[in-house]
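Chemist: Sequence plus the predicted model coming up.
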Amino acid sequence: MKHTSKRIKEAKKSLDAEKVYSLDEAIDTLNGFPKVEFDETVELHFYLNVNPKSSDQAIRGTVVLPNGTGRKVKIAVICKGELEQQAKDAGADFVGSQELIDKINKGFLGFDVVIATPDMMRDLSKLGKVLGPRGLMPTPKAGTVTQDVVKAIEEVKKGKVEFKTDKQAGVHIGVGKISFSKDKILQNANQIIDAINQSKPASVKGNLIRNLSISTTMGPGLKVSL
């Protein structure tokens, strides 16, 4: 904890807390911060012009990052029959039907994404209290409830990520690793910004994005101009 605190103090010396950075400048500044012993994720933090309590202003969608996320994503696929072998061949880490559902119900959570076929959703819905709070429940809107499990697996492996507003009208999403080149981070970040802007509800007036900041996993945030 002391080491982290000292590092953040050093990082803050190289930034202006009141300055609004261009995305390009912000990434350069992040790269100048003292490094930690792991490859930090670069994160975008949005504050949106929506009422999170209004169902018609809920923001949720997916976007495929052109340069991937930089992390190994473990995929669980809930399906049965011949689709099980197809999912395994496509590179899913865990594949099964009722036996995998039972395993998850007993506490197994060694995956990052769950994909399910429509016919399995009735049984899988019983795990709502387990998967829901962790953001792991498959949904048609996220493309994780589908009969084409091979395509869904391929998209996740290519860098498909989901975004949605929280209770404070915020969206927090990783755009890659600090070890990525600046161009790759910029491309990923711009792809996400465009995707969120395109998800603007018809009932929202004015700009959808109120504020945007960028940070690394363990670093301070920088305000970014829009």
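Modeler: Thanks, I have the structure now.
Chemist: Specify which residues of the protein, grouped into ranges, have pLDDT under the cut-off.
Modeler: 1-16 (pLDDT under 70).
Chemist: Run the chain-centre distance for stretch 82-96.
Modeler: Average the C-alpha atoms of stretch 82-96, do the same for its chain, and the two points are 23 Å apart (Cα atoms, centre = their mean, to the nearest Å).
Chemist: neighbouring contacts of it?
Modeler: For stretch 82-96, the surrounding residues in contact (Cβ atoms under 8 Å, 6 or more residues apart in numbering) are 74-79, 97, 100, 103, 110-111, 115, 117, 147, 149-150, 153-154, 157. Any C-beta I mention is one placed from the backbone N, CA and C, and that applies to glycine too.
Chemist: Could you tell me which of those residues belong to strands?
Modeler: Taking DSSP state E as the definition of strands, the contacts of stretch 82-96 contribute 75, 76, 77, 78, 115.
Chemist: And the last one, how far from residue 77?
Modeler: Distance, residue 115 to residue 77, using Cβ to Cβ, to the nearest Å: 5 Å.
Chemist: Can you work out which residues contact both of those two?
Modeler: Here residue 115 and residue 77 share the contacting residues 87, 92, 149, 153, scored by Cβ under 8 Å, 6+ apart.
Chemist: Going by the annotation, which residue ranges form each domain of the protein?
Modeler: What automatic domain parsing lists as the domains of the chain is 15-69+161-224, 75-157.
Chemist: would you turn the ones you listed into a markdown table with mean neighbour count?
Modeler: Converted to a markdown table, the domains of the chain look like this (neighbours: other Cβ atoms under 10 Å):
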| stretch | mean neighbour count |
| --- | --- |
| domain 15-69+161-224 | 17 |
| domain 75-157 | 17 |
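Chemist: chain center to the top helix by length along the chain: distance?
Modeler: Counting by DSSP state H, the longest helix found in the chain is helix 182-198. Centroid separation between helix 182-198 and its chain, computed with Cα atoms, centre = their mean, is 13 Å.
Chemist: After that helix, which helix or strand is next?
Modeler: Using DSSP states H and E, the helix or strand that follows helix 182-198 in sequence is strand 209-216.
Chemist: What strands flank that next one, and is each parallel or antiparallel?
Modeler: Strand 209-216 pairs in its sheet with strand 41-48 (antiparallel), strand 222-224 (antiparallel), by DSSP bridges.
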